[in-house]
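Student: Provided below for reference: sequence and predicted model.
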Amino acid sequence: MKRPLVIAIGLLALGAAGLLSATALTPLAAQPTTAEATATQTATFAVENMTCALCPVTVKKAMEQVKGVQSVAVDFGARTATVVFDPSATSIEAIAAASTNAGYPAAIKGSGAAR
């Protein structure tokens, strides 16, 4: 009774090892290159009306909801939000509008070049 169970577990282990090694040997053509990565842009927004600890959370969530936004860092003390986004998927205006619609008017303070 135990011998068939041991054999079955051994075969499953060998099969799993084979699958793992097959995925590790993916052809180079199938792997993405850095040239295919989309360019991103960084913009810093001046954000008004942030008065409490929950305000930056709301601003961050609102900006992250915009398609194409990759990251948002809100600085409560400086009243700014720095956003990394894909300019082919969204615009500075759309990100600012998302914050404004959440009750925190945002205006562009500065933007960085594509990286």
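Tutor: Now that the structure is in, tell me what you want to look at.
Student: ok, residue 50 - contacts?
Tutor: 56, 59, 74, 76, 79, 104 (Cβ atoms under 8 Å, 6 or more residues apart in numbering). For glycine as for every other residue, the C-beta is placed from the backbone atoms N, C-alpha and C.
Student: wait, is residue 7 part of a helix?
Tutor: Yes - counting by DSSP: H, G, I helix; E, B strand; the rest coil, residue 7 is part of a helix.
Student: and it, how many neighbours?
Tutor: 10 (other Cβ atoms under 10 Å).
Student: got it, and residue 57?
Tutor: Residue 57 has 12 nearby residues by other Cβ under 10 Å.
Student: cool, and the one 10 residues further on?
Tutor: Per other Cβ under 10 Å, the neighbour tally for residue 67 reads 9.
Student: which SSE is it in?
Tutor: For residue 67, there is no enclosing helix or strand under DSSP states H and E.
Student: ditto for residue 99
Tutor: Judged by DSSP H and E, residue 99 forms part of helix 92-101.
Student: now swap in residue 84 and tell me
Tutor: Assigned by DSSP H and E, residue 84 falls within strand 80-85.
Student: cool, and residue 73?
Tutor: strand 69-75.
Student: And the buried ones among the contacts of residue 50, selectable in PyMOL?
Tutor: Only the buried entries of the contacts of residue 50 go into this PyMOL selection, using 16 or more other Cβ atoms under 10 Å:
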select buried, resi 56+59+74+76+79+104
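Student: before we move on, back to that, given the strand holding residue 84, what are its sheet partners and their directions?
Tutor: Partners of strand 80-85 in the sheet, by DSSP bridges, are strand 41-47 (antiparallel), strand 69-75 (antiparallel).
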